[in-house]
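>>> pasting the structure only:
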């Protein structure tokens with residue numbers, strides 16, 4: 001059974017992620033300690049809230065350092081969800097320009113409506129269209145709906161790191177990958193069967 005460290009940095013409800021990992025056959029452990037993270041088979045960085053607050057919380061706990069060590073130096077699979085995906089970026093602009101984890105080069109900027117009826121934040125179900133090869137997409141056809149709640153989006157510095165797109169506000173990147181590092185702007189833990197398949201794919205890495 002895959003030991004999944006779910007990173008607790010004080011941003012968001014972790015219970016739904018824990019339940020989803022359990023349902024997908026993983027062994028989740030919510031943690032903010034280096035020792036647990038270093039012994040995990042994979043890492044999940046969830047989160048809800050502003051980029052600047054998230055990075056401050058990670059740095060205060062020293063979690064930014066250990067996450068970079070595990071992902072970059074040891075090659076441990078890491079999945080960022082929603083705010084967790086955004087924190088993988090080089091820079092984020094929610095709450096002021098803030099340095100991110102820089103695990104997937106890029107920046108996080110505000111969604112801009114492309115029509116009078118387009119609402120921000122983007123809340124609800126929307127389709128995810130795969131634009132690149134990604135092991136987390138196995139068994140998930142392009143165009144399936146996932147659940148979103150966000151006002152900012154990830155702009156990749158390297159187009160090859162953008163592996164999925166969602167057609168809202170002119171289109172935004174909804175999934176990223178750089179080697180063993182993955183990010184989902186949607187919430188797989190709230191996306192029913194298709195989200196469970198996504199998480200099972202991650203846990204099988």
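Cool, the structure landed. Keep in mind it's a predicted model, so treat the numbers as computed, not measured.
>>> make it CA atoms for all contacts and neighbour counts henceforth
OK.
>>> Please enumerate residues in contact with stretch 75-86?
The contact list for stretch 75-86 (CA atoms under 8 Å, 6 or more residues apart in numbering) reads 41-51, 54, 70-71, 87-88, 92, 108, 149-150, 153-154, 180-188, 202, 205.
>>> again, only this time at 7 Å
41-49, 51, 70-71, 108, 154, 180-187 (CA atoms under 7 Å, 6 or more residues apart in numbering).
>>> Stretch 143-158 too?
With CA under 7 Å, 6+ apart, stretch 143-158 has contacts from 86, 105-111, 120-129, 162, 172-173, 186-188, 190-191, 195.
>>> One more: stretch 177-196?
16-17, 20, 24, 71, 75-82, 85, 104, 140, 146-148, 161-163, 174-176, 198-199.
>>> Same check on stretch 116-132?
Counting by CA under 7 Å, 6+ apart, 113, 142-151, 163-166, 174 sit against stretch 116-132.
>>> Next, the buried residues of it.
By 16 or more other CA atoms under 10 Å, the buried positions in stretch 116-132 come out as 122, 126-130, 132.
>>> just to revisit the earlier point, return the members of the contacts of stretch 177-196 classed as buried.
The buried subset of the contacts of stretch 177-196 (16+ other CA under 10 Å) comprises 17, 20, 24, 71, 76-82, 85, 104, 140, 146-148, 161-163, 174-176, 198-199.
>>> What about those, which are in helices?
17, 20, 85, 198-199 (DSSP state H).
>>> Show me what the longest strand anywhere in the chain pairs with in its sheet, parallel or antiparallel.
As assigned by DSSP state E, the longest strand anywhere in the chain is strand 122-130. Partners of strand 122-130 in the sheet, by DSSP bridges, are strand 144-150 (antiparallel), strand 162-166 (antiparallel).
>>> and it, how far from the chain's centre?
14 Å (CA atoms, centre = their mean, to the nearest Å).
>>> again, but for stretch 131-146
Using CA atoms, centre = their mean, the mean C-alpha position of stretch 131-146 is found 15 Å from that of the whole chain.
>>> now that stretch: mean pLDDT?
Per-residue pLDDT over stretch 131-146 has a mean of 97.
>>> Over to stretch 50-63?
97.
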